[in-house]
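J.: Okay, sequence plus prediction incoming.
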Amino acid sequence: MDINISKAKRVELREIPNHIGDTICIYGHVHDFKVVSDQKIIVTQIDSASNTQPVTVEIAYGYPEAKPYLIKQLKNNTVIIYGIVTGSYDKPKVVSQFFMAEDKSGEQLAFFKEMKAMQRDTNKRSRARIVSVELLPPDPASIKKENYKHFSSKVNKKIWYCDMVSGSKPSDDKTATELYLSDSTLVILIKNKVKEKFKVTPETAFLNKQICIKGTVIVYKDKFAVNIINPKQIEILPDH
């Protein structure tokens with residue numbers, strides 16, 4: 001997923017649900033964060049005075065050596081973040097590869113002032129302090145339970161969802177390929193006729209890759225699935 005900074009829309013945090021699929025630029029204060037080392041991401045909570053509900057931002061980093069630097073930049077700081085809005089209206093998430101910390105902005109100081117001008121009640125902007133940083137991946141059982149609850153409310157609704165492909169197998173009737181995501185709750189269903197339209201073999205090309213999928217959630221066996229009818233519904237995020 002390429003993030004074209006020049007095309008980013010400057011929006012307030014509370015406007016994010018209206019921009020699913022858009023590249024955006026947001027301004028807010030780091031409320032809390034958690035490092036998920038095995039996925040090379042930092043799951044960050046951003047808030048502002050005009051948006052009392054923190055927004056989830058996943059910041060990807062390419063090299064382990066970058067992690068301490070990023071943590072230092074994020075601690076109790078105000079940032080500008082560029083990213084793409086994924087998820088759904090009631091549960092949006094920003095996937096990011098680039099941010100700027102306010103006290104490290106340097107020549108970007110004028111840009112920070114411009115972004116501040118967009119915010120309402122900036123003099124009352126949240127200044128919550130981080131009391132702890134957990135450097136452990138989230139509990140898989142909790143993730144599965146939460147995601148099951150999330151997808152059960154999305155049946156027959158369109159979503160944009162990003163996760164890692166952890167495995168695949170043919171369907172029981174051999175008419176489709178099932179791709180499994182790391183949360184093991186949502187199945188990506190690719191029927192054989194649709195599979196022929198792909199320029200790559202999905203089972204191998206997507207394995208252990210972070211992908212984003214667009215489509216309608218359906219009930220499939222004891223899980224949920226997105227039925228792929230066009231290869232364009234799947235997008236591979238770039239390696240970091």
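T.: Cool, got the structure.
J.: what about the closest residue to Pro170 other than its chain neighbours, which helix or strand?
T.: Nearest non-adjacent residue to Pro170, counting by Cβ to Cβ, 6 or more residues apart in numbering: Thr177, 6.1 Å away. Any C-beta I mention is one placed from the backbone N, CA and C, and that applies to glycine too. Thr177 is located in strand 176-181, with elements delineated by DSSP states H and E.
J.: partner strands of that strand, parallel or antiparallel?
T.: When sheet partners are counted by DSSP bridges, strand 176-181 sits next to strand 158-170 (antiparallel), strand 186-191 (antiparallel).
J.: Going along the chain, name the helices of this protein.
T.: 66-74, 109-118, 140-152, 192-195, 202-205 (DSSP state H).
J.: picking that back up, packed most tightly, which of the strands paired with strand 176-181 would that be?
T.: Comparing the strands paired with strand 176-181 by mean neighbour count (mean count of other Cβ atoms under 10 Å), strand 186-191 comes out on top with a mean of 22.
J.: pLDDT value on Cys132, please?
T.: If you look again at residue 132, you'll see it is Ser, not Cys. What the model reports as pLDDT for Ser132 is 42.
J.: List the buried residues in stretch 53-73.
T.: Neighbour counts over stretch 53-73 (16 or more other Cβ atoms under 10 Å) mark 54-55, 57-61, 70-71, 73 as buried.
J.: Between which two of the residues you listed is the distance greatest?
T.: The distance between the two most remote of the buried residues of stretch 53-73 (Cβ to Cβ) is 20.6 Å, for Pro54 and Tyr61.
J.: For Ser152, find the nearest of the strands paired with strand 176-181.
T.: Of the strands paired with strand 176-181, nearest to Ser152 by Cβ to Cβ is strand 186-191, at 11.0 Å.
J.: how does this protein divide into domains?
T.: Taking automatic domain parsing as the criterion, the chain consists of the domains 5-124, 140-236.
J.: Pro92 and Tyr63: what is the separation?
T.: According to Cβ to Cβ, to the nearest Å, Pro92 and Tyr63 sit 28 Å apart.
J.: Ok, Ile46 next?
T.: Using Cβ to Cβ, one gets 23 Å for the distance from Ile46 to Tyr63.
J.: And Arg14, by the same measure?
T.: Distance of Arg14 to Tyr63, computed by Cβ to Cβ: 34 Å.
J.: Per-residue pLDDT of Asp173, please?
T.: Asp173 is given a pLDDT of 92.
J.: Look up phi and psi at it.
T.: Backbone torsions of Asp173, given as degrees, to the nearest 10, read phi -90, psi 10.
J.: got any ranges where the protein has weak pLDDT?
T.: 1-2, 49-52, 76, 98, 102-147, 183-184, 238-240 (pLDDT under 70).
J.: Name whatever forms a beta bridge with the one residue sitting closest to the centre of the chain.
T.: The residue lying closest to the centre of the chain (Cα atoms, centre = their mean) is Val95, at 3.8 Å. Per DSSP bridges, the residues bridged to Val95 are Glu58, Ile84.
J.: doesn't Thr86 make contact with it?
T.: Yes. Contact criterion Cβ atoms under 8 Å: Val95 and Thr86 qualify, at 5.5 Å.
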